[in-house]
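Participant: pasting a predicted model and its sequence here:
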Amino acid sequence: MIELNLDFVRSQFPAFSEPSLQGFAHFENAGGSYACKPVVERLHQYYRETKVQPYYGFEPSKIAGQQMDQARERMAAWLNVATDEVHFGPSTSQNTYVVAQALRQHLQAGDEVIVTNQDHEANIGVWRRLAADGIVIREWKVDPESAELDPAGLDQLLNGRTRMVAFTHCSNIVGSMHPVREWTDKIHAAGAIAIVDGVSYAGHGLPDVAALGADIYLLSLYKVYGPHLGVMVMRSELNGQLPQQGHFFNADHATDRFTPAGPDHAQIAAVNGVIDYFEAVYEHHFPASPPETGAGPAQKARAVAKLFQQAEQANLAPLLGFLEQQPSVRLIGKAHIENRAPTVSFTSENHTPIEIAARLAEQGIGVGNGNCYAYRLMEALHIPPEQGVIRLSFVHYTHSDELSRLTGALARHL
């Protein structure tokens, strides 16, 4: 079995050689990962050489537009979707807000929308506001003990009036990776569309969106080693059905219909750096093959995701085992690594999350604390939202030595 070369991986991230970050261990990757070197270089190049209005005929403008187009094409190929199904927005929250305005015009009073109380608020709040226009909101609730979503709960809510279901691929608190295709098939059988929040999943490997069956799939690139952008995949059929939200003269341009305010051009061009990094990881770990027999982008994405997740699970297992042994700790979510992301949240009987986070920060360990925009989940789990949880989140580039530092520090403070 091919294993991730951690030395190679960490050499691709300037943060690990940055003097000001020496001795710091980053365990809040669910809030934002380090940017890889190709992204930093692409941004630098764009601002130096092509920081002009793109898509005109003069050379710097032409090159800028080509870089932006290439970013969309390459991201689409790695997600296994059509190029004009990829939309870049300022953030996932902004992308869902725009789609909600389209649904406000598209749906009718009495139509039903299903949301969970496990998701990040970006995939809950905008849909719930549709109630002001007569849309009926149904809530798919987590089990208050396990914090998990039971598929039977979805079955009970789906009916002939259901028009849309929004759920997360991976909870940013619970960490469970959900069987998306199984759920989207149920949703489509009921005649509804499926909107899937993949923000907390994509940092662990880009998904095959076509295989998942999502009508809209969302991710945030600043959690995938890139710039602060939201990516929204909207399948072509749905794009044509929903009222466009951009400038009227762009109504026939698929990628302009749901981006009324385009994000920073340099950041779009820098998306190439994310794909450069994934390509480099693939090429480093797998032998070159002739072009006619070589893997395509979607196949490469699956191989890289497998490498990432194997490396993550090697660190996840001891962390979960350690927390399970702490009598004062309430672990949120399952205590085993199967179908679980390395996003691990807990509360302590002895200390508040902010106290624990502060003590870890004093030792150069960065963790998350609070509700992490999963406010409704905190309420469902009877955790005060203003207090929230401690969130320990890492990715493939995390070293086992950093994990040992974390558990050692937690052992002293818990």
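Facilitator: Cool, got the structure.
Participant: only C-alpha atoms for contact and neighbour calcs from this point on.
Facilitator: Fine.
Participant: list the contacts of the spatially most central residue of the chain.
Facilitator: Nearest to the geometric centre of the chain sits residue 199, at 1.5 Å (C-alpha atoms, centre = their mean). Going by C-alpha atoms under 8 Å, 6 or more residues apart in numbering, residue 199 touches 170, 218-220, 223.
Participant: for residue 350, same thing?
Facilitator: Contacts for residue 350 (C-alpha under 8 Å, 6+ apart) come out as 328, 414.
Participant: wait, residue 79 touches residue 209, no?
Facilitator: Yes. With contacts counted by C-alpha atoms under 8 Å, residue 79 reaches residue 209, the gap being 5.7 Å.
Participant: per-residue confidence at the residue lying closest to residue 348 once chain neighbours are set aside?
Facilitator: Closest residue in space to residue 348, ignoring its immediate chain neighbours: residue 329 at 4.6 Å, by C-alpha to C-alpha, 6 or more residues apart in numbering. In the predicted model, residue 329 carries a pLDDT score of 97.
Participant: over to residue 329: give its phi and psi.
Facilitator: phi -100, psi 140 (degrees, to the nearest 10).
Participant: what about it, how many residues nearby?
Facilitator: Neighbour count for residue 329, taken as other C-alpha atoms under 10 Å: 17.
Participant: which residues touch the helix or strand hosting residue 95?
Facilitator: Element membership of residue 95 [criterion: DSSP states H and E] is helix 92-106. Here helix 92-106 makes contact (C-alpha under 8 Å, 6+ apart) with 89, 122-123, 126-127, 130, 133, 218-220, 229-232, 242-245, 258-259.
Participant: ok, now with 6 Å
Facilitator: The contact list for helix 92-106 (C-alpha atoms under 6 Å, 6 or more residues apart in numbering) reads 122, 126, 230, 242-243.
Participant: same check, this time on stretch 231-241
Facilitator: With contacts defined as C-alpha under 6 Å, 6+ apart, stretch 231-241 is touched by 85-88, 215-220.
Participant: phi and psi next, for residue 177.
Facilitator: phi -90, psi 120.
Participant: and it, how close does it get to residue 96?
Facilitator: With distances taken as C-alpha to C-alpha, to the nearest Å, residue 177 is found 21 Å from residue 96.
Participant: quick one, which of the two is more surrounded?
Facilitator: Using other C-alpha under 10 Å, the more surrounded residue of residue 177 and residue 96 is residue 96, with 25 against 17.
Participant: local confidence estimate at the more buried one?
Facilitator: Per-residue pLDDT puts residue 96 at 98.
Participant: burial of residue 8, as a residue count?
Facilitator: The number of residues packed near residue 8 is 14, by other C-alpha under 10 Å.
Participant: give the next helix or strand downstream of the helix or strand hosting it.
Facilitator: Applying DSSP H and E as the criterion places residue 8 in helix 6-11. Using DSSP H and E, the next helix or strand after helix 6-11 towards the C-terminus is strand 25-27.
Participant: report the buried residues of stretch 7-23.
Facilitator: 9-10, 12-16 (16 or more other C-alpha atoms under 10 Å).
Participant: how about the strands in the stretch 201-350 of the chain?
Facilitator: Remark: strands assigned in the stretch 201-350 of the chain by DSSP state E, counting those that start in this stretch are 216-220, 230-234, 329-332, 343-348.
Participant: what's the average pLDDT for the longest helix along the chain?
Facilitator: If you go by DSSP state H, the chain has its longest helix at helix 297-324. Per-residue pLDDT over helix 297-324 has a mean of 98.
Participant: over to stretch 25-37?
Facilitator: Stretch 25-37 carries an average pLDDT of 98.
Participant: tell me how far the ends of it are from each other?
Facilitator: Distance across stretch 25-37, first residue to last, is 19 Å (C-alpha to C-alpha).
Participant: for that stretch, the distance to its chain's centre please.
Facilitator: 13 Å (C-alpha atoms, centre = their mean, to the nearest Å).
Participant: cool, and stretch 47-56?
Facilitator: Centre-to-centre, stretch 47-56 and its host chain are 29 Å apart (C-alpha atoms, centre = their mean).
Participant: same check on stretch 319-337?
Facilitator: Using C-alpha atoms, centre = their mean, the offset of stretch 319-337 from its chain centre is 24 Å.
Participant: which residues are contacting it?
Facilitator: By C-alpha under 6 Å, 6+ apart, the residues outside stretch 319-337 that reach it are 146-147, 174, 345-349.
Participant: against residue 163, how distant is residue 172?
Facilitator: Relative to residue 163, and taking C-alpha to C-alpha, residue 172 is found at 25 Å.
Participant: more neighbours: the two, which one.
Facilitator: Taking neighbours as other C-alpha under 10 Å, residue 172 and residue 163 compare with residue 172 leading, 28 against 22.
Participant: how about that one, what does it touch?
Facilitator: By C-alpha under 6 Å, 6+ apart, the contact set of residue 172 is residue 200.
Participant: when you give positions from now on, start the count at 358
Facilitator: Taking 358 as the first residue, the last one we looked at is residue 529.
Participant: from residue 497, how far off is it?
Facilitator: Distance of residue 529 to residue 497, given as C-alpha to C-alpha: 17 Å.
Participant: and residue 390, what element?
Facilitator: Assigned by DSSP H and E, residue 390 belongs to no helix or strand.
Participant: hmm, I typed the wrong one, I wanted residue 470.
Facilitator: In this structure, residue 470 sits in strand 469-473 according to DSSP H and E.
Participant: across the sheet, point out what pairs with residue 704.
Facilitator: Residues in a beta bridge with residue 704, per DSSP bridges, are residue 687.
Participant: wait, it touches residue 746, no?
Facilitator: Yes. Contact status for residue 704 versus residue 746: in contact at 5.3 Å, counting by C-alpha atoms under 6 Å.
Participant: more neighbours: the two, which one.
Facilitator: Neighbour count, other C-alpha under 10 Å: between residue 704 and residue 746, residue 746 has more, with 29 against 21.
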